[in-house]
Every structure is written in C-alpha cells, then in structure tokens.
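[1] Would you be able to build a 3D model of this:
(chains A and B)
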Amino acid sequence: MAVSVAPKAPAATAKGTRRSKRGGMAIAERRAGLLFVTPYLIYFLILQLGAFAFAIWVSFHHYDLLAIDNPFVGLRNYARLTVNQDFLIAMRNTTEYAVVVVILQTVFALLLAVLLDSKIKGRNFFRSTWYTPSIASSVVISMIFLYVYHPTGLLNSILGLVGIHTTEAYLTSTTWALPALMFLAIWTTAPTFMLMFLAALQDVPKEIYEASSVDGASAVRRLFSITIPLLRPVIFLVVSLGVIGTFQVFDQMFIMTSGGPLKATLSVALLIYDNLFKDTGTVGVACAEAIVLGIVIFALTLISRRVIDTRIEY
Amino acid sequence: MSLGGSQTVDSEISVPIAIATMPAPRKVKDTTERVNALEVVVRYALYIVITLFLFIPFVMTVLSSFKSSAEVIAFPPTLLPSVWHPENYLHVLTQIDGFPRMVFNSFFITFAAVALNLFFDSLVGYAFARLEFPFKNTLFAIMIATMVIPGFVFIVPRYILLLNAHLVNTYGALLVLYFLQPGYILLMTQFFKSIPRDLEEAAIVDGMGWFGIFWKIILPLARPALLATGILTFAGMWNGFFDWLLYMQSREMFNIQLGLTTFRSVYQNQWDLIMAGSVLAILPILLVYIAGQRYFVRGIATTGMK
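    The predicted model follows:
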C-alpha cells in the first residue's frame, strides 16, 4: 500500500525485482493453488475414491457391522443377487418406476417451460407458484400425499366433486401404490427441470422463431422441429439426472408404504437400507446391490446420451 | 406457443392505433381479434389449471393444519376449517417429544453447512478458476466425472467409516459429509472465470498474498454466486432426510424432517399435528425461496442440483 505513491524511478526498480522474482511468484502461486484445493483433495481421496474402493472390497466379503472377522466370499454376494427374489422384485419395481417417471417428468417439465417462455402477463407469478413443489422436502411432500391419497383425502374429495365416488385406499392397493408414488415424483420433480429448460429456452435466439413464423410453421411444428432439437443437451442432462434420481428412490417408499403392499413398492434403495440395518450379516450384499445399481445407472446414462445426442446438422 | 404470446402483446399495443388510423379494414381485423381473445382465454385457463394442480395441495395442507384431526379427513370434505384451531401449532411445539430440539438441530446443521460450503466451495473454486498448479486439470476433470456417481454406492463405506470414527449420532457425521459439495465448487469456478483479472493483477503488484486476494478482493465480488451456493445449500440441508435417518439414532439428534416421519407412527392419525408440523417444516425454506428466488433459479439452472 505504501508503494502506491512511490516516485517513478523506484517503481521501475520494483518492476525489475518483480521480473527477477517471477519464478518465485509462480512457485507461490502453485503452493497457494495446492493449498486451496486440498479440502477437495481430502474429500476426493477419502469420501469418494477411498469409499468407492472400500465399497468394492466390502462387496467381496461376508460383512457384518458388529463382527470382528469378515470372511472373503469372492463374487458370491453378486451371484446371489440373480436368485434373490427381493432383489429381482425391487429391480423390476425400480425400473418400471424410473421409466415412467423419467419420461413423464421430462415431457411435463418441457411443457411447463415452453408455457412460461412467452410474454404472458403474470409470468413470474406462475413461475414462482409452479416451482413450489420442488422446494418442499421429500418428507413434507410425503406427508402431504399421505393426506392426498387417504381414502377420504384430497384426491377422492376432488373425484367426488366430478361425480366419481370412491374411497379407494391407493397406498395399500397393489394396483395403485406404485403409480401413486410415480405421480408424486413427477409432480414434485418436474418443476425443478422446468427451470433448467426455461434457462435453456431463454438462450435460444428469438430470430429463429421469427424466421420460422414468417415461413408459416405452426406452434406445434416449431416445438418439434426447432425447440426440441436445440434443447438436446439440456434434455440429455434432465434425463440423466432423472435416471440417477429415480433409480435411487427411497424416501417416499420408506415413509409412505415401507415397500408394501406385498413388496409392490419395494425399491432397490429401500432393499439396500434393509440389508444394511434390518438384517444381519448382509452388509456385503447391500454393497453388491449398490454397485450393481450404480452400474445400471451408469449404463443407462451412456445409452441415453447415444439416443438423445444423435447429432443433427443445421 | 411463444408466437401466441407475442401476438397478444402486439395486438394490445396495436389495437388503439389501428382503430384511430385505419378504420377501413376493420371487419377483417375484428375476426382476428376475436380469435386472439379466445386464445388468451384458453391460455389463461390452462395456466390456472396448472397452477391449481401444482399449488392446491399446499393450500389444502395449510388449511388442514388449522382443522381438527377428524375434520382433515372428514367425508364429505370441507374447504375452510369449520372451527379454526391455531393451537395445533402450539401442540406440535409443546406436546411432541423433543420437537424444539429438532428445530434447533435443523437450523444448527443448516447454518453450519452453509458457512462451511461458502468458504470451502469458493476457496477450491477460486483455485480451479484462477491459479496454476500441478494436476489442476486432472483434478477438475475428476471432480466433474465423480459428480455423476450415484450416491448409493458410497452409503455403506461412508457409514462404516463414520462409525469407526465415532461420528455416528453426532453433528460431525453430517458436517464431514457436507463440508463441501462438488456441484457448488463448479458453480463458483464458473463464476470466478467471469470476473476480469485486472483487480487481481493490481493486488499482485501491491504484493498481496493469494489468500488475501481471494479473501479481500475476490469474495466481495462473488456475492451473486455465494448467494446461490448458500441458498441451495440451505435448501439441501434443511430438507435433508436420508442422511439423518442413516446417521442419527437418538431422538434428540433428529431434525424436523426425520422427526416429522415419526409423527405418523407415534401420533397415529393425528392429522392436525402432521399437517401443522409439515407447514413448520416447509416455512423456513419457503421464506428463503421467496427472498432469494433469483439466486435459486440461477443456481439450479447452472448446476442442475436442488
């Protein structure tokens, strides 16, 4: 600070010494960089890389949280998954849930974003209220939907208003429980992805639309031939995040249905939790299940990239 | 669809001019106006239906929180409470075992995690954005790549790790897991890259150290990104449930969310308490959302995280 009022000549020498110290400064910068990045390095080495390696190690062992000796069992934990009825049921439920939820929430989110990407009055009001389901916690959403799906709750009340009188208990019905949870997921997640689509839509140059409207393209045609192709990268992101989220669905199942009725809503994540805490000696199995789940998610992300990212040249 | 929007706005401006200047083609103009008016009505009807669809459950939850337990699920249903019961909220706070403690736990962990993330996410983000050091690009690539690893892969090893570190059933477990978050490091990195280098170069000439530059010059400029990181961390931590379920075993360590799930089993069918508890659990995050909506939206748009 004192240097700032120095006359011309000393400033020049200061510059000279700075130049000679350039090597020293680069070292200072490297040292600072390494120091600043250390928190992430620790996080990565212990909580990511170390944890991942340990997960694989545990999955090859008969592991119990309280046992002193955990014998090596090779691939047995994995092999058993192929004949484990609970795992197969959970995998089928989870896949069914993921496919329906990812497709519908992506479509719904895109629809919401397209509706908001127009010069309509009250646009900010609509955006704020539409986003509300996404800020509530999974627990609050679950509590609200316990009330919605109650035999005399909100859903059946609304159905009653339009002349459909029913006291169906959705969450204890093997037919309705899983679709009920799918609906909840779409309702609560679509607004998050709506914001991502909306941000991407606002980056689309408006001239493209103006040119096409001169050409007489209809709104629907413009959506499919201009908007959606331009949004491919965001669609890929939304689908991947959807796959990652839905394949690990846990909270609603745990809180609302405990996986029932008759395992109709048993998800892989819920099964992993049960293997970890409720059953004994199945920690290794839980790890194997988690790793298989991780591989499935990874593979599906790659596939969705292939499907969505087929390049179109303009 | 966006064409419809621009047309309605255009017509609002152009109609008075059209009427004043050229009355001749009015007949033609009229029919298109009527089509537009109909379109506006249809559009607004659609917007209102969607608003009801996405918002009514919250309105009904708030209204239900003032009803008696029986009235919440009464058939035929009521819209407004026949008798208002504001004391439901008092009952949640006083009659439910340990509820004030759960509120404290929620706030404590949320604020602690926000503070830690503001510091560490920006510190690491600054290094990635501005400083040259060995393996920088490799490490940055690793950070991006590992962001897509499904969290469930880490659950068992992290649990065993924290169990052996005697951190299970302590605040430490959650603070170790969330003292930084790669998604927000990325957000900070991208922001720092957009700040012009002039100020730093002046500070280097002044002989300021790198931490001084980061702390005194860069952080004050990073307010928008820090707000986005802070608000999204607040939301994530406040809404946390699964980690609390895993790591917190005794009731005095629960947060509001985990505590709320026990209402159902402990206070069987006490719908008034469940609804009032839900409103209390959503209230802080709703206030943060209303106050910081701009940053919320920006953060989600750039990181894709909630």
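
[2] Let me know how buried B:Phe241 is, in neighbour terms.
    22 (other CB atoms under 10 Å in any protein chain shown). Every C-beta, even on glycine, is put in place using the N, C-alpha and C of the backbone.

[3] For the residue nearest to it when sequence neighbours are not counted, give me the pLDDT.
    Excluding its sequence neighbours, the residue lying closest to B:Phe241 (CB to CB, 6 or more residues apart in numbering or on different chains) is B:Gln257, at 4.4 Å. At B:Gln257 the predicted local distance difference test score is 94.

[4] who in the stretch 201-306 of chain B is up against chain A?
    Neighbours of chain A within the stretch 201-306 of chain B, by CB under 8 Å from any CB of the partner chain: B:204-207, B:209-211, B:214, B:235, B:238-242, B:245, B:257-258, B:260-261, B:263-264, B:271, B:274-275, B:277-278, B:281-282, B:285-286, B:289-290, B:293, B:296-297, B:300-302, B:304, B:306.

[5] What sits closest to B:Pro224 if chain neighbours are left out?
    Using CB to CB, 6+ apart, the closest residue to B:Pro224 is B:Tyr295 (6.6 Å).

[6] where exactly do the helices run in the stretch 101-250 of chain A?
    Counting by DSSP state H, counting those that start in this stretch, the stretch 101-250 of chain A forms helices over residues A:123-135, A:138-148, A:154-161, A:177-203, A:206-214, A:219-222, A:228-230, A:232-247, given from the N-terminal end onward.

[7] The longest one close to chain B?
    Yes. Residues of helix A:177-203 are located near chain B by CB under 8 Å from any CB, namely A:187, A:191-192, A:195-196, A:198-199.

[8] which pair in those spans the largest distance?
    By the measure CB to CB, A:Trp187 and A:Ala199 form the most distant pair in these, at 21.2 Å.

[9] Show the pLDDT at A:Leu112.
    With respect to pLDDT, A:Leu112 scores 94.

[10] for A:Pro71, what are its contacts?
    A:61-62 (CB atoms under 8 Å, 6 or more residues apart in numbering or on different chains).

[11] distance of it from chain B?
    The span separating A:Pro71 from chain B equals 16 Å under the rule CB to the nearest CB, to the nearest Å.

[12] Dump the residues of helix A:177-203 next to chain B into JSON lines; add neighbour count and pLDDT as well.
    As requested, the residues of helix A:177-203 next to chain B are arranged in JSON lines below (neighbours: other CB atoms under 10 Å in any protein chain shown; pLDDT from 0 to 100):
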{"residue": "A:Trp187", "neighbour count": "20", "pLDDT": "96"}
{"residue": "A:Pro191", "neighbour count": "24", "pLDDT": "93"}
{"residue": "A:Thr192", "neighbour count": "22", "pLDDT": "91"}
{"residue": "A:Leu195", "neighbour count": "25", "pLDDT": "89"}
{"residue": "A:Met196", "neighbour count": "24", "pLDDT": "89"}
{"residue": "A:Leu198", "neighbour count": "23", "pLDDT": "89"}
{"residue": "A:Ala199", "neighbour count": "18", "pLDDT": "86"}
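
[13] Of those, which is the nearest to A:Asp274?
    Of all the residues of helix A:177-203 next to chain B, the one sitting nearest A:Asp274 is A:Trp187; the distance, using CB to CB, is 26.7 Å.

[14] any idea whether the residue nearest to the spatial centre of chain B is helix, strand or coil?
    In chain B, the C-alpha closest to the average C-alpha coordinate belongs to B:Ala235, at a distance of 4.2 Å (CA atoms, centre = their mean). Three-state assignment for B:Ala235 (DSSP: H, G, I helix; E, B strand; the rest coil): helix.

[15] okay, the residue in the stretch 201-314 of chain A positioned nearest to chain B: pLDDT?
    Among all residues of the stretch 201-314 of chain A, A:Gly294 sits closest to chain B, at 4.3 Å; criterion: CB to the nearest CB. Taken from the predicted model, the pLDDT recorded for A:Gly294 is 94.
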